[in-house]
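Chemist: take a look and give me a structure for this.
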Amino acid sequence: MEDWVSVGYLLSAALFIFGLKKLGHPRTAPFGNQLGAIGMLVAVITTVLQMQLTGDGVVDWTLIIGGLVLGSAIGYWLAVRVEMTGMPELVAMFNGFGGAASALVALSEIMRYLEDASNIPEGLKLTVTMVAAGLSALVGWMTLTGSMLAMYKLKGGISVFGKWIKTPTWGPSWLNPVKVLLMLAVVALIYLSIGDPTNTDYMWGIIGISCLLGIILVLPIGGADMPVVVSLLNSLSGIAAAFTGFIIGNSVLIIAGSLVGASGLILTFIMCKAMNRTLLDVLFKSFGGSGEKASLTRTKVGSDADEVAMMIDGAQKVIIVPGYGMAVSQCQHQVKEFADLITEKFGTEVKYAIHPVAGRMPGHMNVLLAEASVPYEQLIEMDEINSEFPDCDVAVVIGANDTTNPAARSGEGPLAGMPIIDADMARTVVIIKRSLSVGYAGVDNDLFYEDKTMMLFGDGKAMMSQLNTAIKEI
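Modeler: Numbers count the residues shown, from 1 in each chain. Sure thing, here's the model as predicted:
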């Protein structure tokens, strides 16, 4: 029996690894997701069969099957209902639930010790178990509360009895010593729990402090750094799962948790590089905007679709720069139609410039454009395409603000030093945006006011439709 269980867990781990590999490219990502889902199903079935066949028994098959059906139904409902604009919030919520699930499993194992003292391990095994349980509680509950706060920060607030309450960004300098003291308090409680594993007060204390830590860690972080926070919380949810695997002696949970933790941490550092931040700066220096929005003192006369169409006529090279505004208006199909039109009508070369944090979530723009059947070879990452903007006739910016803001080169403010798309280097810039309002970091964009910039004010889908109509009429 143990051999079959090992084979099942090995198959599950292999599916996780191959699935993660496939997630590295948009073309293969759907298949990677399917492999990961099958791997999790294999792991669940293997675990349930092990419980049933080794004599431990299953409390109620109805609960097992009901949990699988209910979880699948909720997942399907969310996948169908949530629009791409809400995907960052959904990912943040999933991260929190993943951390909480791991922490609950660890807590149930500790509770088992209280029911029967003979279950309590001894010596080194007791130390490892209690340390893993404490760390699982710390990371799991911290991930839950931090992820929930991150979700509401991404939403911008919460509606209470019909009144919209804005999510605050608050982080005085004295908050950092408080974070350190709370961490030390958790370490002390874990140490005390090793000496007296039957005292539940220690574990409840760890849970309470961990929940508070999650809130005060995310509270000072502004909107511009949210991509870093989301990827870090994703990593923490995997780390919590790995700790739980050590507690219950489940190898596949250790492997899966380690994979999620490691890949999430790598992605976090990639996001930090894209934002020109260090992880410690994000967590302890309150970068990313304080919630203050720059007041607008300048104006810009808008253009119309016919003017832009005439200017694009004859352009040899056009680079499209998608941003969160494209996701909000769901105009990716109109963008694809625009690219096809100018390619067929004018013989224009079209590429897409993808910023790593465009859309407030890694890969957000890639997924949207892939949904519209944009060829993958046209999606070019920022580092590769920036050198092409000086030779670009027209840069068409759709709803992007912070990721094209030249203020990032100034070395001052929330965007200081952040690598940006060099759209301002193009010969002509067309920006489709509802207004001159500032971006998520609260910084005015000098690009809007340059002489070579043409502003199309309005909803992204409506403006792209008008532009496509004007191009057809040329």
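Chemist: next, count neighbours for residue 195.
Modeler: Residues near residue 195, counting by other CB atoms under 10 Å, number 10. Where you see a C-beta, it was placed from the backbone N, CA and C, and this is true even at glycine.
Chemist: do the same with residue 179
Modeler: Residue 179, neighbours per other CB under 10 Å, totals 16.
Chemist: isn't it right up against residue 218?
Modeler: No - look at residue 179 against residue 218 with CB atoms under 8 Å: they stay out of range, at 11.2 Å.
Chemist: helices and strands of this protein: which one bottoms out on pLDDT?
Modeler: strand 157-160 (a mean of 72; mean pLDDT, DSSP states H and E).
Chemist: CA atoms only: put whatever helix or strand comes next after it into PDB for me.
Modeler: Toward the C-terminus, strand 157-160 is succeeded by strand 163-166 as the next helix or strand (DSSP states H and E). Taking Å, rounded to 0.1, in the frame of the first residue of the first chain, the C-alpha atoms of strand 163-166 are listed here in PDB:
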ATOM      1  CA  LYS A 163     -21.400  54.000   1.400                       C
ATOM      2  CA  TRP A 164     -18.000  53.600  -0.200                       C
ATOM      3  CA  ILE A 165     -15.100  53.600   2.200                       C
ATOM      4  CA  LYS A 166     -11.600  54.100   0.700                       C
END
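Chemist: on that earlier part again, adjacent strands (with direction) for the least confident helix or strand of the chain?
Modeler: Take DSSP bridges as the rule and strand 157-160 pairs in its sheet with strand 163-166 (antiparallel).
Chemist: who touches the partner strand?
Modeler: Where contact means CB atoms under 8 Å, 6 or more residues apart in numbering, the residues beyond strand 163-166 that reach it are 156-159, 291.
Chemist: what strand or helix carries the residue nearest to residue 431 when sequence neighbours are not counted?
Modeler: Spatial nearest neighbour of residue 431, chain neighbours left out: residue 397 (4.5 Å); criterion: CB to CB, 6 or more residues apart in numbering. Mapping residue 397 onto the secondary structure by DSSP H and E places it in strand 394-398.
Chemist: repeat that for residue 299.
Modeler: Using DSSP H and E, residue 299 sits in no helix or strand.
Chemist: what count of nearby residues applies to the closest residue to it other than its chain neighbours?
Modeler: Excluding the flanking residues, the one nearest residue 299 by CB to CB, 6+ apart is residue 436, at 7.5 Å. Using other CB under 10 Å, residue 436 has 18 other residues around it.
Chemist: so who does residue 436 touch?
Modeler: Contacts of residue 436 (CB under 8 Å, 6+ apart): 296, 298-300, 444, 448, 455.
Chemist: any chance of a markdown table for those, columns pLDDT and distance to residue 276?
Modeler: Shown next, in a markdown table, are these (pLDDT from 0 to 100; distance: CB to CB, whole Å):
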| residue | pLDDT | distance to residue 276 |
| --- | --- | --- |
| 296 | 63 | 25 |
| 298 | 73 | 26 |
| 299 | 73 | 31 |
| 300 | 80 | 28 |
| 444 | 86 | 19 |
| 448 | 92 | 22 |
| 455 | 93 | 27 |
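Chemist: can you say which of the residues you listed are buried?
Modeler: 444, 448, 455 (16 or more other CB atoms under 10 Å).
Chemist: inside strands: which ones of those residues?
Modeler: With strands taken from DSSP state E, the overlap with those comprises residue 455.
Chemist: just for the protein, where's the confidence low?
Modeler: 1-2, 54-59, 116-119, 223-224, 285-297, 360, 440 (pLDDT under 70).
Chemist: for it, what spans make up the strands?
Modeler: For the chain, the strands defined by DSSP E cover 157-160, 163-166, 317-322, 349-354, 379-381, 394-398, 428-433, 453-457.
Chemist: buried ones in the fifth one?
Modeler: Across strand 379-381, burial judged by 16+ other CB under 10 Å covers residue 379.
Chemist: can you give the strand pairings for that strand, parallel or anti for each?
Modeler: strand 349-354 (parallel).
Chemist: list of residues touching the partner strand?
Modeler: 316-322, 339, 342-343, 365-366, 369, 374, 378-382, 385-386, 388-389, 395, 421, 423.
Chemist: in space, what's closest to residue 339 - neighbours in sequence excluded?
Modeler: Per CB to CB, 6+ apart, closest to residue 339 is residue 350, 4.4 Å.
Chemist: ugh, typo on my part, it should be residue 38
Modeler: residue 15 (5.6 Å).
Chemist: number of residues surrounding that neighbour?
Modeler: With other CB under 10 Å as criterion, residue 15 counts 21.
Chemist: from what I can see it touches residue 35, true?
Modeler: Yes - using CB under 8 Å, residue 15 is in contact with residue 35, at 5.0 Å.
Chemist: residue contacts, the residue nearest to residue 431?
Modeler: So residue 397 contacts 321, 323, 404, 423, 429-433 (CB under 8 Å, 6+ apart).
Chemist: let me have the contacts of residue 436 in JSON lines, adding distance to residue 228 as columns.
Modeler: Below are the contacts of residue 436 laid out as JSON lines (distance: CB to CB, whole Å):
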{"residue": "296", "distance to residue 228": "27"}
{"residue": "298", "distance to residue 228": "31"}
{"residue": "299", "distance to residue 228": "34"}
{"residue": "300", "distance to residue 228": "32"}
{"residue": "444", "distance to residue 228": "23"}
{"residue": "448", "distance to residue 228": "26"}
{"residue": "455", "distance to residue 228": "30"}
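Chemist: from residue 251, how far off is residue 126?
Modeler: Residue 126 sits 21 Å away from residue 251, going by CB to CB, to the nearest Å.
Chemist: nope, residue 342 is what I meant
Modeler: According to CB to CB, residue 342 stands 55 Å off from residue 251.
Chemist: okay, the two: which has more neighbours?
Modeler: residue 342 (23 against 16).
Chemist: quick check: beta-bridge partners of residue 398?
Modeler: Assigned bridge partners for residue 398, using DSSP bridges, are residue 322, residue 432.
Chemist: tell me if I'm right that it and residue 464 touch.
Modeler: Yes - at 7.3 Å, residue 398 and residue 464 qualify as touching, with contact defined as CB under 8 Å.
Chemist: and for the two, which residues touch both?
Modeler: 331, 335, 432.
Chemist: compare those and tell me which is most surrounded.
Modeler: Going by other CB under 10 Å, residue 432 tops these with 30 neighbours.
Chemist: for residue 378, see how far away it is.
Modeler: 19 Å.
Chemist: buried residues of the longest helix along the chain, list them for me.
Modeler: In the chain, taking DSSP state H as the definition, the longest helix is helix 123-155. For helix 123-155, the neighbour count (16+ other CB under 10 Å) marks 126, 129-154 as buried.
Chemist: next: stretch 6-15.
Modeler: 8-9, 11-13, 15.
Chemist: from the residues you listed, which is closest to residue 88?
Modeler: residue 15 (26.6 Å; CB to CB).
Chemist: can you pull the contacts of the closest one?
Modeler: Residues near residue 15 by CB under 8 Å, 6+ apart: 35-36, 38-39, 42.
Chemist: now swap in residue 139 and tell me
Modeler: 99, 102-103, 210, 236, 239-240, 243.
Chemist: which ones are touching the nearest residue to it once chain neighbours are set aside?
Modeler: Nearest in space to residue 139, with sequence neighbours left out and distances taken as CB to CB, 6+ apart, is residue 240 at 4.2 Å. Going by CB under 8 Å, 6+ apart, residue 240 touches 98-99, 102-103, 136, 139-140, 143, 257.
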